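A.B. asks: How does the following fold in three dimensions:
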Amino acid sequence: MHNFKYKAVRIKQTSSGDWLVLFAASAIEIDLWAGVPQKKKIGAQSKETTGFQREENSKRIKEISEFYRNEKNIIQNPLLCALRQPNESLIKFEATETHGNDSESIQQGFLTINAELLEKLSLLELLKRVKADLEVRVPDLANQLVPEKMIRELKQRAKIIQSDRNNQDTFDENEEETIEETDDDSNLGLSLNDESHILDFWQEIAAYISVLEEIKDTFDGDKFLDYSKDSMIAFLRPIVVVDGQHRLRAAIGSAKEIVNQDIYKDVLEKLIIDKQLEPEEAQRKIEADVARKLPVSLLMNNDPAEQVFQFVVVNQKATPIKNSLLGTIISTSLSNEELTRVSDRLEAAGIKLEESRAVTFLTRYPKSPFYDLVDRGINNNRKDLLKWNVLSSIVKIFRDLKGGKLFHESVDYADKWRRDFLPDSKIVENWEIEECESAFDYWHRLDGCWRDVFILFWTSVRDKLAVQNNDEAYHYWGSPTRSNIFNQTSLTILAADFFQFLGDRGIGIDSANDIPSLVDQWLKGVDPNYFNRDWNLKGVKKDVPGIKKRWSKLWVEYRKDPQRLPRSNQYRDPLGT
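C.D. replies: Next up is the predicted model:
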């Protein structure tokens with residue numbers, strides 16, 4: 001157990017707020033008791049961790065390290081931290097003095113931190129602890145089963161010989177196919193609701209545990225496939241770094257570089273010989289002595305919802321991060337119950353929580369036509385993905401029934417359809433039974449009927465006007481850069497024109513299941529290869545006003561009278577010559 005004691009001041013900003021403990025500590029020591037729960041993709045199936053910090057940016061760390069080289073340079077911003085669990089045996093503040101009339105809200109004292117030597121645990125033991133923590137956050141996880149297919153895939157990747165009834169038989173690929181066919185949505189339990197991100201992470205960890213249990217007598221490594229001890233320890237330290245990971249990493253790196261200089265070799269030897277310290281302990285002591293003392297603001301709160309709230313507000317209001325990553329973090333770091341506790345405060349802080357959750361669902365739900373095709377701000381081998389804000393704008397057309405304008409016109413056809421036909425559509429007839437304020441509120445709910453309409457509409461459009469298996473095709477569903485259809489301009493035109501069609505025909509929506517038939521009527525006579533032609537777009541930006549108006553006019557005129565396809569050279573000419 002590492003034991004630390006720091007002089008500290010704790011304050012309460014408001015009578016109902018949590019205590020903040022302010023102190024300073026060596027960067028090397030901080031690294032022993034604070035973890036950085038990063039949001040990243042792990043594993044062959046690109047499962048996500050439940051962390052909320054960005055992955056480390058090596059360039060940024062290098063820049064801060066260069067800044068740190070000058071000892072006169074200081075960074076005033078404290079590391080923002082919080083408790084991982086409410087355990088006074090691990091973290092405790094003891095007041096020694098109070099400040100007069102402010103004694104109730106400002107106190108001096110000592111903060112003690114006891115950090116377990118997690119590095120001594122095996123990877124299997126660490127994984128079990130992370131799994132147990134997830135089950136505390138979402139108790140229903142404890143009743144879930146790990147898909148056998150996931151375990152078998154891990155074994156196959158690791159080339160582990162599996163013992164079955166015949167003993168020492170290797171994995172049978174035909175058996176995998178059988179499992180995959182039967183592993184449908186009905187067996188996924190929690191996976192189709194908004195907590196699927198936590199279930200995914202839990203399943204991945206549980207599968208690793210199952211495999212490592214079988215080989216624990218022969219495996220003693222620090223890393224197994226995609227999971228390492230360091231990555232798991234980050235989730236188990238008694239304190240969580242909410243903001244400031246790059247400052248911390250730079251300070252640690254700077255200290256290690258300094259200690260590697262020749263002048264510290266004698267000091268290191270002296271500690272080992274005179275103090276009889278182990279080499280690793282002696283090295284750490286010197287590093288801690290030379291490392292920068294960083295200011296820390298510790299929030300005495302262990303609620304993951306509060307930690308994500310603090311992270312989002314700091315990074316959105318002070319140092320903005322990409323909307324894609326912000327939306328991903330908000331939507332996939334907390335359980336539903338945890339999100340509920342901070343939803344109103346996030347919305348009040350200008351964070352579009354429901355919008356982020358709506359978009360995230362459509363990027364993660366396997367039956368969504370946008371599944372795994374949208375940039376979510378997490379490191380990904382694929383670069384040509386639809387932008388987060390693009391899908392968000394398309395979602396708004398269906399969920400908010402706003403923004404359904406054809407670029408060469410001014411009428412918002414989605415809004416007009418909402419006013420004229422939504423109230424009488426049978427799809428929303430239960431709005432009063434569901435205790436909604438209006439038919440639109442029923443439609444607009446996070447999991448409202450708009451979502452099924454959205455998924456079925458774009459699935460039908462994709463199946464009729466695009467292809468998924470040929471990334472060289474001009475109508476490929478999956479490349480905003482190359483595709484004539486899978487880009488913001490074309491997707492917006494198609495959505496707006498569909499609502500124009502519904503309005504012109506006086507059609508409401510009785511059921512989401514009617515959408516494929518309505519799409520058939522809307523696209524009657526349209527050539528399936530409309531978008532599968534070379535539009536001579538080299539050097540042309542698809543999102544400039546002139547081009548958007550041109551594409552919009554060409555599509556609507558053709559769709560209403562699909563006798564002859566427009567000439568290919570017309571798409572690059574905003575003037576239509």
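
A.B. asks: need the next SSE after the helix or strand of the chain with the lowest mean pLDDT, C-terminal direction.
C.D. replies: Counting by mean pLDDT, DSSP states H and E, the chain has its least confident helix or strand at helix 173-182, which shows a mean of 37. Counting by DSSP states H and E, the next helix or strand C-terminal to helix 173-182 is helix 196-215.

A.B. asks: So which elements touch that following helix?
C.D. replies: On a contact count with 3 or more Cβ pairs under 8 Å, 6 or more residues apart in numbering; DSSP states H and E, helix 196-215 meets strand 47-48, helix 123-137, helix 148-158, strand 223-224. (Each C-beta comes from the backbone N, C-alpha and C, glycine too.)

A.B. asks: Return the set of buried residues in that helix.
C.D. replies: 196-209, 211-212 (16 or more other Cβ atoms under 10 Å).

A.B. asks: what does stretch 289-297 give?
C.D. replies: For stretch 289-297, burial by neighbour count (16+ other Cβ under 10 Å) applies to Val290, Ala291, Arg292, Leu294, Pro295, Val296, Ser297.

A.B. asks: Which helix or which strand is home to the last one?
C.D. replies: Here Ser297 is covered by strand 293-299, with elements defined by DSSP H and E.

A.B. asks: Check the offset of that strand from the chain's centre.
C.D. replies: For strand 293-299, the separation from the chain centroid amounts to 26 Å (computed by Cα atoms, centre = their mean, to the nearest Å).

A.B. asks: who does it pair up with?
C.D. replies: strand 20-26 (antiparallel), strand 79-83 (parallel) (DSSP bridges).

A.B. asks: Mind pulling up the pLDDT for the nearest residue to Asp441 once chain neighbours are set aside?
C.D. replies: In space, and not counting its chain neighbours, Asp441 is closest to Trp431: 6.8 Å by Cβ to Cβ, 6 or more residues apart in numbering. Predicted confidence (pLDDT) for Trp431: 93.

A.B. asks: Look at Trp431 and give its secondary structure.
C.D. replies: coil (DSSP: H, G, I helix; E, B strand; the rest coil).

A.B. asks: ok, it - contacts?
C.D. replies: Ser438, Ala439, Asp441, Tyr442, Trp443 (Cβ atoms under 8 Å, 6 or more residues apart in numbering).

A.B. asks: Check Val290 too.
C.D. replies: Ala255, Ile258, Val259, Tyr264.

A.B. asks: Closest to Gln521 out of those?
C.D. replies: Ala255 (68.7 Å; Cβ to Cβ).

A.B. asks: Quick check, the closest one in contact with Arg292.
C.D. replies: Yes - in this structure Ala255 lies within contact range of Arg292 using Cβ atoms under 8 Å: 7.3 Å.

A.B. asks: what residues are shared contacts of the two?
C.D. replies: Contacts common to Ala255 and Arg292, judged by Cβ under 8 Å, 6+ apart, are Ser26, Ala27.

A.B. asks: which one in the protein is furthest away from the centre?
C.D. replies: No residue in the chain sits farther from the centre than Asp274, which is 50.2 Å out by Cα atoms, centre = their mean.

A.B. asks: so how far is Arg237 from that one?
C.D. replies: The spacing between Asp274 and Arg237, counted by Cβ to Cβ, to the nearest Å, is 32 Å.

A.B. asks: got it, and Phe219?
C.D. replies: 24 Å.

A.B. asks: quick check: domain ranges of this structure?
C.D. replies: 2-116+238-302, 123-233, 384-572 (automatic domain parsing).

A.B. asks: JSON lines for those, including distance to Leu362?
C.D. replies: Compiled in JSON lines, the domains of the chain are given as follows (distance: least, Cβ to Cβ, whole Å):
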{"stretch": "domain 2-116+238-302", "distance to Leu362": "15"}
{"stretch": "domain 123-233", "distance to Leu362": "12"}
{"stretch": "domain 384-572", "distance to Leu362": "7"}
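
A.B. asks: Could you tell me the least trusted of these?
C.D. replies: Minimum mean pLDDT among the domains of the chain: domain 123-233, a mean of 71.

A.B. asks: now the end-to-end length of that one.
C.D. replies: 9 Å (Cα to Cα, to the nearest Å).

A.B. asks: returning to what we had before: could you single out the nearest of the contacts of Trp431 to Glu71?
C.D. replies: Asp441 (59.6 Å).

A.B. asks: Please name every helix or strand in contact with the host helix or strand of the closest one.
C.D. replies: Using DSSP H and E, Asp441 sits in helix 439-444. Under the contact definition 3+ Cβ pairs under 8 Å, 6+ apart, helix 439-444 sits against helix 449-465.

A.B. asks: Now do the buried residues in the next helix or strand after the helix it packs on.
C.D. replies: Scanning forward in sequence from helix 449-465 by DSSP H and E, the next helix or strand is helix 488-505. Neighbour-count burial for helix 488-505 flags 488-503 (criterion: 16+ other Cβ under 10 Å).

A.B. asks: what about the helices in the stretch 1-150 of the chain?
C.D. replies: Ranges of helices within the stretch 1-150 of the chain are 27-33, 58-68, 123-137, 148-158, based on DSSP state H, counting those that start in this stretch.

A.B. asks: right, and these - which one's nearest Tyr571?
C.D. replies: That would be helix 58-68 among the helices of the stretch 1-150 of the chain, by Cβ to Cβ, at 39.0 Å.
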